[in-house]
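**Student:** Return atomic coordinates for the entry below.
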Amino acid sequence: MTPPLTLGTTHVAKGFVTKAMYLRSQPGAELERRLGFAPGRLSRGWWLLFLEDMPTAADFEFRGYTQMPGGIPMGHVNPTGLNAEQRLRQDGYDVSRLKAMRIVDTLRIAGPERLAKVIPIDPPGGPSSMPIPYPPGSGFPQWELVRPLTFRVVGMFGTGQMYLGNYT
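**Tutor:** As a prediction, the model looks like this:
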């Protein structure tokens, strides 16, 4: 069982991340729509975590944008399709080189572009969970951390509260 989150502590996690700047000044319902959470999933609030260390190429996979649940085009109706990284490989791209480039020019662990994670206050299967937990979002870039990395818990936002953009 995962220990409960506490402000200011570190938390080891994997899963989907985006950039903190996309989360700024958005109420929970709008974040649901943009990130691809089911309506009501963040209704009881959410935690904001910032990644502490730069991921290596082995730590993450490309997942495109949030309108592709699981990084899969039409993933909400076809969850067994190829995800963004698999499609890059299939199309002959050098994924290792692409990852090395993204680490240098895109991924950040400081400032507004830093990698951030949203975790609903309700656990999966909790009162605000829905049968289809990840509908298409509105198109934020997303990556999936496939190895657990260290995050710092920087905020807890209850009903009606918004993250206002302190990126430290």
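**Student:** quick one: contacts of the helix ranked longest in the chain?
**Tutor:** With DSSP state H setting the assignment, residue counts place helix 95-105 as the longest helix in the chain. Helix 95-105 has contacts (CB atoms under 8 Å, 6 or more residues apart in numbering) with 54, 55, 56, 57, 60, 62, 85, 88, 89. (C-beta placed from N, C-alpha, C; glycine too.)
**Student:** and with 7 Å instead?
**Tutor:** 54, 57, 85, 88, 89 (CB atoms under 7 Å, 6 or more residues apart in numbering).
**Student:** most neighbours, which of those residues?
**Tutor:** For those, counting by other CB atoms under 10 Å, the largest number of neighbours falls to residue 85: 21 neighbours.
**Student:** Okay, now the sheet partners of the lengthiest strand in the chain, with direction.
**Tutor:** Selection of the longest strand in the chain by residue count, based on DSSP state E, yields strand 141-157. Each strand that pairs with strand 141-157, with its direction, by DSSP bridges: strand 10-19 (antiparallel), strand 46-51 (antiparallel), strand 60-65 (antiparallel).
**Student:** That strand: which residues count as buried?
**Tutor:** For strand 141-157, a neighbour-count test (16 or more other CB atoms under 10 Å) marks 142, 143, 144, 145, 149, 151, 153, 154, 155, 157 as buried.
**Student:** Also stretch 92-106?
**Tutor:** So, applying 16+ other CB under 10 Å, buried residues of stretch 92-106: 99, 102, 103.
**Student:** wait, isn't residue 159 in contact with residue 46?
**Tutor:** No - under the criterion of CB atoms under 7 Å, residue 159 makes no contact with residue 46, lying 10.1 Å away.
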